[in-house]
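**Q** Predicted model, plus sequence, below.
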Amino acid sequence: MKYIATCDTDAGISKYNNQDSVCVKTADTGNGKAALVLVCDGMGGLSRGELASAEVIRSFAEWFDSELPFELLDWDWETAARNVISRLRRLNAMMVDYGLREHMQLGTTATGIIAVNTKLMTFHVGDTRIYKISDRLSQLTDDHTFVNREVKNGRMTPEEAKIDPRRNALVQCVGVTADIFPEVKLGDIENGANYMICSDGFRHVLTEKELYEGLSPEAVSSKTDMQKKLRELIETVKTREENDNITAAMFRAEF
Amino acid sequence: MSTGEILVIAAAVALFIIINIIMWSIIFAKERKNALKTTESETEIVPERKDIKLPDTVPASAAEMGFKLLENTVIVHTDDRI
């Protein structure tokens, strides 16, 4: 079994700070493989969005290094899912408290994959997306945005949502509201499929066709390919005058 | 001019020189301190643009169990903590 993973991030053409944070970890566990791939798109005034995204990334990165090895001795996906939700809620409460104390609002999306051998968990808060790219491109997460909620409730059409001024407004993210309801899914890893997590800055100006053609398993099967393609797409996004920070990570398992 | 008068004048000149040395030393020290403060505050204002990477290690007890990091990229853009 082999895990391949990488990531890339760029401040973009307009913003001085990169408020996105990203983490890609894979490990030999002594009994197989494990991986953590996580993208956080920070937001907030006074450059504190980068602090929010960094806190979430650090928390999960430290968990992977220090706690996961011992949790794997008695690994249970249901328990792991509950632990992920608890961790996100604790981080949310910590940031809300910090924001109140410092009189500022800061927040971040948090969207990631935890893989152990042939199974995975996706967890998600915000509008960062996970795509699975195999024989087609599938979006595995649901955007926690105002317009997506309106579309789902039949109060707005997808076309109206694309041009609505509130299209970037989130209905939940880590650090803003009193409580959050992370979306967590468990499943099997598809052998040879590419999983991609990206901030909205990466995907806004790219079509689904471009994402599929650029990142399909046929086009991208090694770490070098992944790094090259992600950088190419980031440069394409920059030429199309995207104003946001741009971040993407990729993961692939072969067994 | 008597020897006593010469000695008084010499002592006054010596005292003047010593006071000047002390005074200018204090002024230079203050200016240097201010210059350092300015540099520090400039460092605080200019955000760090370099990606900050966390250490590439797992606890020894985890390593003993055979847990070994293969890929380890953690990119954050601040070293501040909440």
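**A** The structure has been received and is ready for your questions.
**Q** for the residue of chain B found nearest chain A, what are its contacts?
**A** For chain B and chain A, the shortest gap (C-beta to the nearest C-beta) falls at B:Gly66, measuring 2.5 Å. Every C-beta, even on glycine, is put in place using the N, C-alpha and C of the backbone. By C-beta atoms under 8 Å, 6 or more residues apart in numbering or on different chains, the contact list for B:Gly66 reads A:Asp28, A:Thr29, A:Gly30, A:Asn31.
**Q** Backbone dihedrals for it, both of them.
**A** phi 100, psi 10 (degrees, to the nearest 10).
**Q** Could you check how far it is from A:Lys2?
**A** 17 Å (C-beta to C-beta, to the nearest Å).
**Q** Spit out the contact partners of residue 1.
**A** I'll assume chain A. Contacts of A:Met1 (C-beta under 8 Å, 6+ apart): A:Gly32, A:Lys33, A:Asn117, A:Thr118, A:Ala253, A:Glu254, A:Phe255.
**Q** To clarify, I was referring to chain B.
**A** With C-beta under 8 Å, 6+ apart, B:Met1 has no contacts at all.
**Q** Tell me where the stretch 51-200 of chain A has helices.
**A** A:68-71, A:77-102, A:146-152, A:158-163, A:200-203 (DSSP state H, counting those that start in this stretch).
**Q** Lowest mean pLDDT across these, which one is that?
**A** In terms of mean pLDDT, the lowest-scoring of the helices of the stretch 51-200 of chain A is helix A:158-163 (a mean of 87).
**Q** for that helix, packing partners?
**A** helix A:146-152 (3 or more C-beta pairs under 8 Å, 6 or more residues apart in numbering or on different chains; DSSP states H and E).
**Q** Could you check how far stretch A:105-112 is from the centre of its chain?
**A** The chain centroid and the centroid of stretch A:105-112 are separated by 9 Å under C-alpha atoms, centre = their mean, to the nearest Å.
**Q** Figure out the length between the terminal residues of it.
**A** Using C-alpha to C-alpha, to the nearest Å, the end-to-end distance of stretch A:105-112 comes out at 23 Å.
**Q** do that stretch and chain B meet?
**A** No: contact of stretch A:105-112 with chain B (C-beta under 8 Å from any C-beta of the partner chain) is absent, the minimum separation being 8.9 Å.
**Q** So which bits of chain B are right by chain A?
**A** Near chain A, when you scan chain B using C-beta under 8 Å from any C-beta, you find B:47, B:49, B:51, B:54, B:57-59, B:61-62, B:65-78, B:80-82.
**Q** Now the buried members of the residues you listed.
**A** B:54, B:58, B:62, B:65, B:67, B:69, B:71-78, B:82 (16 or more other C-beta atoms under 10 Å in any protein chain shown).
**Q** Can you list which of those are found in strands?
**A** B:Leu69, B:Glu71, B:Asn72, B:Thr73, B:Val74, B:Ile75 (DSSP state E).
**Q** can you count the residues close to the residue nearest to the fourth one when sequence neighbours are not counted?
**A** Leaving out its chain neighbours, the residue that sits closest to B:Thr73 by C-beta to C-beta, 6 or more residues apart in numbering or on different chains is A:Val24, at 4.6 Å. The number of residues packed near A:Val24 is 25, by other C-beta atoms under 10 Å in any protein chain shown.
**Q** try A:Asp28
**A** 15.
**Q** follow-up on the earlier one: can I get the buried part of the contacts of B:Gly66 as one ChimeraX selection?
**A** Applying 16+ other C-beta under 10 Å to the contacts of B:Gly66, the buried members can be selected in ChimeraX as follows:
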select /A:29
